[in-house]
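**Q** coords please:
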Amino acid sequence: MVRLNEIRAGEVAVEPPPATDAGLVFIGRIRTPWTDRLGCPRQGRADGPACRIEVFPPWRDALDGVALYARLEVLYWLDRSRRDLVRQSPADDGTTRGTFSLRSPVRPNPIGTSIVTLIGVGDGVVHVRGLDCLDGTPLLDIKPDRALFTPLAPPQAGDADTGGA
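**A** Purely as a prediction, here's the structure:
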């Protein structure tokens, strides 16, 4: 069971360096049914509860065209997550793995991402299913699911590069 700010057997925390401004701007807030980590799902589900992504007024014009996509990628700032664990024990059995091999919200830069199913868009609000974050989570970005998106700009040289010899 997830506990708030505990260190489980075998986990390793470090003293993070002072934060420097990466220039991120929160462009909205996410509204979900979950108010604490103990009740929040670990992974969003396509058939999960309907949630609202409220985009702040200066960014609402950026929603034009979003309704063309059945799925979106939503990036958000996990503002209530700790940031100091480099090894974690998700099963709480003393066995640990590196943070970068997990989808845990506990990470040096707590950026969450979910592929969500679009329900609808209107008046600066995007209605979706498939989120796994707490109510009030700050919104960083919304993008079409890369599996559904074809670039609209003309091709450029690197677009056709492959890993062949």
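**Q** next one: the longest strand seen in the chain to chain centre, how far?
**A** Criterion DSSP state E: the longest strand present in the chain is strand 111-122. In terms of C-alpha atoms, centre = their mean, to the nearest Å, the centre of strand 111-122 is set 10 Å apart from its chain centre.
**Q** Enumerate the beta-bridge partners assigned to Gly112.
**A** Beta-bridge pairing of Gly112, defined through DSSP bridges, involves Tyr76.
**Q** Please report how far it lies from Leu140.
**A** Gly112 is 9 Å from Leu140, where distance means C-beta to C-beta, to the nearest Å. The way it works is simple: take the backbone N, C-alpha and C, and place the C-beta from them, glycine included.
**Q** So which of the two has more stuff around it?
**A** Between Gly112 and Leu140, Gly112 has the larger neighbour count (other C-beta atoms under 10 Å), namely 22 against 17.
**Q** Next one: the residue nearest to Arg82 when sequence neighbours are not counted relative to Gly164, how far apart?
**A** Among residues not flanking Arg82 along the chain, Val106 sits closest, at 5.2 Å (C-beta to C-beta, 6 or more residues apart in numbering). Distance, Val106 to Gly164, by C-beta to C-beta: 39 Å.
**Q** What about the nearest residue to Arg80 once chain neighbours are set aside, how many residues nearby?
**A** Nearest non-adjacent residue to Arg80, counting by C-beta to C-beta, 6+ apart: Leu134, 6.3 Å away. Using other C-beta under 10 Å as the criterion, Leu134 is surrounded by 22 other residues.
**Q** Strands of this protein, start to end?
**A** With DSSP E as the criterion, the chain has strands spanning 12-13, 28-31, 50-55, 71-77, 85-88, 97-98, 111-122, 125-129, 137-144.
**Q** Dump the ones you listed to TSV, plus mean pLDDT and distance to Leu38.
**A** Formatted as TSV, those follow (pLDDT from 0 to 100; distance: least, C-beta to C-beta, whole Å):
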stretch	mean pLDDT	distance to Leu38
strand 12-13	89	21
strand 28-31	98	18
strand 50-55	98	18
strand 71-77	98	19
strand 85-88	95	17
strand 97-98	96	22
strand 111-122	97	17
strand 125-129	98	21
strand 137-144	98	16
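**Q** Those: which one's closest to Pro41?
**A** strand 111-122 (10.2 Å; C-beta to C-beta).
**Q** buried sites along that closest one?
**A** Neighbour-count burial for strand 111-122 flags 112-118, 121 (criterion: 16 or more other C-beta atoms under 10 Å).
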